[in-house]
Each structure stands twice: as structure tokens, then as C-alpha cells.
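A.B. asks: Kindly return the folded structure for what I paste below:
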Amino acid sequence: MERFKGTLAVLVCISLSGPYPSALAQANPSPTDQAAKRPPVRPAYQSGQLHGDERILHALNRFTFGPRPGDLEAVRAMGLAKWFNQQLHPETLDQSDLEARLAQFPAMRGNPQELLLYLPSNAVIRQVIDGKAPIPERAATHAIYENEMARVEFKRQEKDRQNKEQASLAVSSAMAGPATTLGMNNPSTGMSNPTMDGVVPEKVASVPPQDGQSGQVSMAPAMDKPEPPAFDSTLIAGILALTPQQRIVRLASMKQREYDSFRKVLKPQQRTALLADMSPAQKEFVVALESPQRVVVDELAAQRLTRDIYSSAQLQEVMTDFWLNHFNVYLHKNEETPYYLVSYERDVIRPLAMGKFEDLLEATAHSPAMLLYLDNSNSMGPDSPAAERNKERAARNPNAKKAAPEGLNENYARELMELHTLGVNGGYTQADVTQVARVLTGWTVDRPARGGEFKFDENRHEPGTKKVLGKKIKENGEQEGRDLLHMLATRPATAHFLAQKLAGRFVGDDPPQSLVDRMSKSYLSSGGDISAVLTTLFHSPEFWTSGAYRAKVKTPIEYVVSAVRASNVDTDNMQPLVNTLRDMGMPLYGAVPPTGYKWDSSNWISTGALVNRMNFALSLAANKLPGIAVSWTPQATSPEADYTSVPLNDSSGTPNAVHPVVSSAAASAVPAPAAEEKRLESVLIAGGVSETTRSAVLQQLEAQGTQTAAPGTPVPVTAKPMNPKQAAAALEKQDQLLAGLLLGSPEFQRR
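C.D. replies: Numbers count the residues shown, from 1 in each chain. Predicted structure coming up:
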């Protein structure tokens, strides 16, 4: 659908730029009501707390990625307190369905060393080309390496060719004289630049020296390298007819240029057929032949969304999302980061997301992903044995080419205090940052290009006693860092900073100070137990105030995941959702700065952002996202209804061009737009929408229907009867538009 504009779009923009209407109405009674004089009747008591289903929906919107159909009823039957306690203990939940879905991502079970061995990065391939690493003997892996080596070598040759062309152009300019260096025109002669008139060819090439010849520069135009020959399309059918294993063998036998040409000429249906009946590992191999790095990046994002959408342990996934942002690591920091992020999320963040914060802090501090991202792996103490050896080497060879200087790196030390523990106002100074950096020297990574683990290098560690936040840390190797992390994790400033951030995530952009103080106290008394802090949050009256209901605007990831969950979509293709998040400005693992993404509503509200959301909602509902399909028409609608030429009217009595034409006998089987809106509203938006939103949705539906059937053209009573299939298709089309509009409504965009 074209960029969405209309009544609902305006309503969304207005609604999301301020408080939720119901909360606003309660907080600001009209002046007329205040001034009205009535008899002194005791007003009925109105609690400021949420009750009944609103209480359940509030919990589902804050502690999950949004309710799925049936969640409200399930929690109501179980009891809200029991449900929350169950969420605090994810190990007690049945995750068999999720595990079956995750089985399609076999690479996500590997450690960084295994991943870099079998799905090599470009850095690994360059090592192999340079003779610094062997090619694995396993046949399938060997084929992946050969393809990547050919691609890397081709890129090297292209770069060399471009460098030679640039050198040739420089020589030709020098030979042509000063006129070619004066820009577009020679100001002294008025002559145009010869290169602009085609006198000097646009492309020149360097001819390599031949036997008995000197290396001269040729002025002949360089010939572009020919494209590899297209794969013979007549062979495709034969390949697709093979068994999955035979297909694998055939693809592995192709050379890189043949394989790339083969993939290029495949049509979408043929691409699907190529992977048909293959196991997850076989599908992985096919993609790896084209790009092993892409396997890791794509599966990393896909498994994350799979967990967010289908996991029963929703609170654990919400907290995993919280901590991945708190301890942010940028996906493209270097070529190894995607491989380390697999373990970082799986082994560090998710299992510790609701345990003791100190355990989580120490695990992230030891993680190669974090040490590489914030450069602590390169930090070296100024007076360490390694630094002293460098000084001695430089003194012995003063004229030797100096390597890039190594020294103390304060990046991680600064973010450790500012973003991970104390907060920007946590009472530390620049001197403390330097001392923390000294404490953490030697915390590095063993052979990062090959997926090595954490390593403490005594030779790079700064000797001597350090002083941080007024406390001395005696020289004790790696233990110095552990003592430092314990000190930071137990500071009151850390308790307050984390409480403030958690309250902002779950309650509101500007959470009540009373709640933050209570959560901070719970953190300190429990030894930094995250579950205890969340329990305090759950039982706090500030969390349950009516003003908090639908008070937060969803971030892009919350919006996209909640829309898929509400639609009850069953999909194994997450790439359209990954692309959508990128288009919305929140790509997974894509925050470049250590601060991660901001959660405040103001960061995600703009006309362009809301149009993107509406277009996504309409595309999702209309099955326009590849591999993601949902049916909106209930199966109870009879396809054998007696359809005739009598038009079905909408709730206002006006013939609706979007709805099928049916007989009066079948009219009851095919509901009017207003009835369908109410049905879909109950499915997608537990708690419903306002009358204003409902009216806007129906108006937009009518407007779209009018556009479909020529503006101003009434539906004739004598129209050609629709058969059951046509009527069902028309009803489904109407429901798709209604569902998309509801998913884009202000109520759904809030949580």
C-alpha cells in the first residue's frame, strides 16, 4: 500500500505525542466540571489503582512483548501473582515449542572458536591465503573456504588494479603538463581540461614488465573484467530434482564463480525449491557457500526474534533485551564480533538476566565481546613488563619503524562506571577512570581472530597499588579486577542507577522517586538480586496506578514483536522483521555507541516513524511480508453461503464497496464492517480501543473501499452475484485492512 495517510494517521500522531487519553482525563478534569455547582453530595469513591482485566493487561504489556490471543484468559485463570512468580523462574516453564523452533539455527549452538572454524570470517580467510592458517580437511568446510578464498583474492586483485589505474592517471597527468592540473579550465589560457574532453582515456592500465622489456605505462584504455558466464539455466531443473544430499554434493562441487552465477539466475520459486526438504544444517551450508559470515549474522537476529515472539519465559526475554542494551556491544565493531555475540547473549546475558547483578557484571567484564568492543583487550599498563620491553626495544633501535603505540586504554573503564554501574552522577572522577583502567590492564582475549577466550596477561598488567573511589586496591593480578567489580556492584549509587533505569523501562519515562528509592533499597538488601528488585516493582502501588496504563510508547522492537504476537503468526522467516527494525531505526545489535538505544518515547515519535509503523502493520496484516502469513477470517464463516446480488450494507446502511455482495439469507453469515472491527479488536487489542479510534478505523476502511471501487460509484443492486470463494476473498481483504489499521492504532502502539 502507498504511504499511509488519513484520519487514523493524524490520530496516532496526536495521541502518541501526549499522555494516554484516559489518564489525561483523570488527571485534568475540565474547568466546566470544576466550576459547576452541585449539591454537596459525597462523591463515589474512585481508586487510582488498576483493577480486574486492566491489571492483567498492564502486567502483560510491561513484563512481556505483548499478549498473544488467549493470554489474558490464561492469566486470569491462573492468578496474576502466580503468573508473575512463574515468570521469575523460567526454568519451570515448558519451552518445548521454542526449542523446536530454535533447532533451525544450528550455528547458534557453537562457541566462537567452532563458528570461526566452520563459518570463517574474512580475517580467517586472509590468514589462510597468507599461509598463516590451514584449510580444514572436512569436504563441506573445504568448499566454503575455497569459495571465500576466491572472493577475497578477487577483491585483492580488483584493489590492486584500481591502485594501478590511479597511478597511471597520475603519470598521464604529469606527462600532459600543467594544463591538466588547473581544474575544469586553465585560467591563463581559457583552454578546457583535456581529461574532460576525452583526450586522456578515463581508464588506463599498467602493463606488467615482459621479458626484455621495462615496465612502461600503457595509454590504452583498460578493459573491464568480463562478467562470469551465466549459469546454464537448462541445468537448474536437474539440480532441483536431486535429493537434498545430492544437491549438497553438486553445489559443493561448483567453483566460486559458477556457484555465484547459479545463485544469481535462480528465480524466487527455484530458491525455495533448492532448500526444500533440507535439514537445518544443510540449508546453513547452502547459504555458507555464498557467505559464511551471513549465516552467523542472520541466525543471530533470527533466533533473537524467535525467542521474543514464541518463548513462554517472556520476562526473561524482556530482561535479556534490557541487559543487551545496558551492556551494549555493537554488531559490526570488527569481523569477530558477530561470532562472539552468539555466546555473549546465550551464555552471559540470558542465563543471568534475573540473577545477581554482580554475577552479570563480572560475566560481561570477562566476555571477549565486551573486551573487544570497548578496546580493553588492547590496554597495557604504562609500567607493565610488556611496556618496559617495548621501551628497551625502542632504545636499542631508535631508527626502526615504530609500530602503533600501545598503552593504557580507558574506554571500558569509563563506560563501566558511567553506563554499567554508578551512572554519570555516581561520584567518580577522571582520576578514578584512570585507576580503574590500570586495574583492568591484562584483561584481554587470546587469539581473537580465531575465537579465543578471556585471558589474563600478567605481562600487560600495571603493577602497584591503585586507588578507586577513595579505596585502595592492592596489587593482586586478576583478583584486583574482581575486587573492583564487587565494589562497584555493591555501591548505593549503582543500586539507585539500576533502579532508576529499570523503573523507567517498566513504569514510565520519568518514574516516581518513591518507587526508585524502594527498588534501590531492595537491591542493596538482597545483595543485588534482580528478581528481588522486580518483585518490589511488581508489588509497588506506583506500578499499578491508572496513569501508568498504556502510558509508554513501544520502541520499534516492542512494536514489531507485539504485532506478530497479537496476530498469532506462525513463521520461520524472520528476515522481513529484521529488515523492518532496520528501517525503523532500531536494527538488532545495531547501536553503535556504548549507551545503546534510548527507551524514552520522544526518541521514537515522529511523522516518518509512525508512517513506517503503519505501513508495516498493513503489510503484516495483508500477508505482504515474505514467508509470514495469517488468516483473519474465522473458519466458521460458511463458504457455501447463498450469495446473490443483494449488497451488504455497513452499520450506517450505506453499501460498502469492500464487502461482498450477498443474499439476505447469507447476510448473517458475513458480518458488516463494524461487527468485523469489533471481532478483530477483541483479538488484537485486549482492552479495546476508544470510540474515536474505532470511528477513525471504520472511516479509513470506507475511504479505502471507495478508492477501490471508483469514488462516488454506488454498489448496484443488480451486481453480478459473488460465488462463495469470491465472497470469502473479499471478506478476507476487508479483514486484512481492518487488522492493519488496528495494529497501527494509538492503543496498540502503547503498552
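
A.B. asks: Surely residue 324 touches residue 349?
C.D. replies: Yes: if you go by Cβ atoms under 8 Å, residue 324 and residue 349 touch, sitting 5.6 Å apart. (C-beta placed from N, C-alpha, C; glycine too.)

A.B. asks: which sections of the stretch 401-550 of the chain are below the confidence cut-off?
C.D. replies: 401-405 (pLDDT under 70).

A.B. asks: among the helices and strands of this structure, which one scores worst on average pLDDT?
C.D. replies: strand 204-206 (a mean of 34; mean pLDDT, DSSP states H and E).

A.B. asks: Residue 553 and residue 739, how far apart?
C.D. replies: According to Cβ to Cβ, to the nearest Å, residue 553 and residue 739 sit 21 Å apart.

A.B. asks: Okay, now the unreliable bits of the stretch 201-350 of the chain?
C.D. replies: Checking the stretch 201-350 of the chain against pLDDT under 70 turns up 201-229.

A.B. asks: Mind jotting down where the helices sit in it?
C.D. replies: 236-240, 244-253, 256-265, 268-275, 280-290, 292-310, 314-326, 337-343 (DSSP state H, counting those that start in this stretch).

A.B. asks: Can you say which of these is packed in most?
C.D. replies: Comparing the helices of the stretch 201-350 of the chain by mean neighbour count (mean count of other Cβ atoms under 10 Å), helix 337-343 comes out on top with a mean of 25.

A.B. asks: Geometric centre of this structure: which residue is closest?
C.D. replies: residue 588 (2.0 Å; Cα atoms, centre = their mean).

A.B. asks: quick one, what contacts the closest residue to it other than its chain neighbours?
C.D. replies: Nearest residue to residue 588, sequence neighbours excluded (Cβ to Cβ, 6 or more residues apart in numbering): residue 301, at 4.7 Å. Residue 301 makes contact with 574, 578, 588-589, according to Cβ atoms under 8 Å, 6 or more residues apart in numbering.

A.B. asks: out of these, who's nearest residue 339?
C.D. replies: residue 589 (12.4 Å; Cβ to Cβ).

A.B. asks: For that closest one, the count of nearby residues, please.
C.D. replies: By other Cβ atoms under 10 Å, the residues close to residue 589 number 20.

A.B. asks: so which strand or helix has it?
C.D. replies: Using DSSP states H and E, residue 589 falls within no helix or strand.

A.B. asks: Quick check: it vs residue 64, distance?
C.D. replies: Residue 589 is 22 Å from residue 64, by Cβ to Cβ.

A.B. asks: follow-up on the earlier one: just send the contacts of residue 301 back as TSV, with pLDDT and distance to residue 111 too.
C.D. replies: What follows is the contacts of residue 301, written out as TSV (pLDDT from 0 to 100; distance: Cβ to Cβ, whole Å):
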residue	pLDDT	distance to residue 111
574	96	23
578	97	24
588	97	21
589	98	18
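
A.B. asks: I'd like to know which of those residues is nearest to residue 387.
C.D. replies: Using Cβ to Cβ, the contacts of residue 301 come closest to residue 387 at residue 589, 34.1 Å.

A.B. asks: which residue packs closest to that closest one, ignoring adjacent ones?
C.D. replies: Here the residue nearest residue 589, using Cβ to Cβ, 6+ apart, is residue 331, at 3.8 Å.

A.B. asks: Please tell me I have it right and that neighbour contacts residue 337.
C.D. replies: Yes: taking Cβ under 8 Å as the definition, residue 331 is a contact partner of residue 337 at 6.1 Å.

A.B. asks: Between the two, which contacts overlap?
C.D. replies: Common contact partners of residue 331 and residue 337 (Cβ under 8 Å, 6+ apart): none.

A.B. asks: buried residues in stretch 580-593?
C.D. replies: Buried residues in stretch 580-593, counted by 16 or more other Cβ atoms under 10 Å: 580-581, 584-589, 591.

A.B. asks: From those residues, pick the one nearest residue 279.
C.D. replies: Distances from residue 279 to the buried residues of stretch 580-593, taken as Cβ to Cβ, are shortest for residue 588 (25.6 Å).

A.B. asks: Would you list the phi and psi of that closest one?
C.D. replies: Dihedral angles of residue 588 (phi, psi; degrees, to the nearest 10) stand at phi -60, psi 130.

A.B. asks: ditto for residue 468
C.D. replies: phi -120, psi 130.
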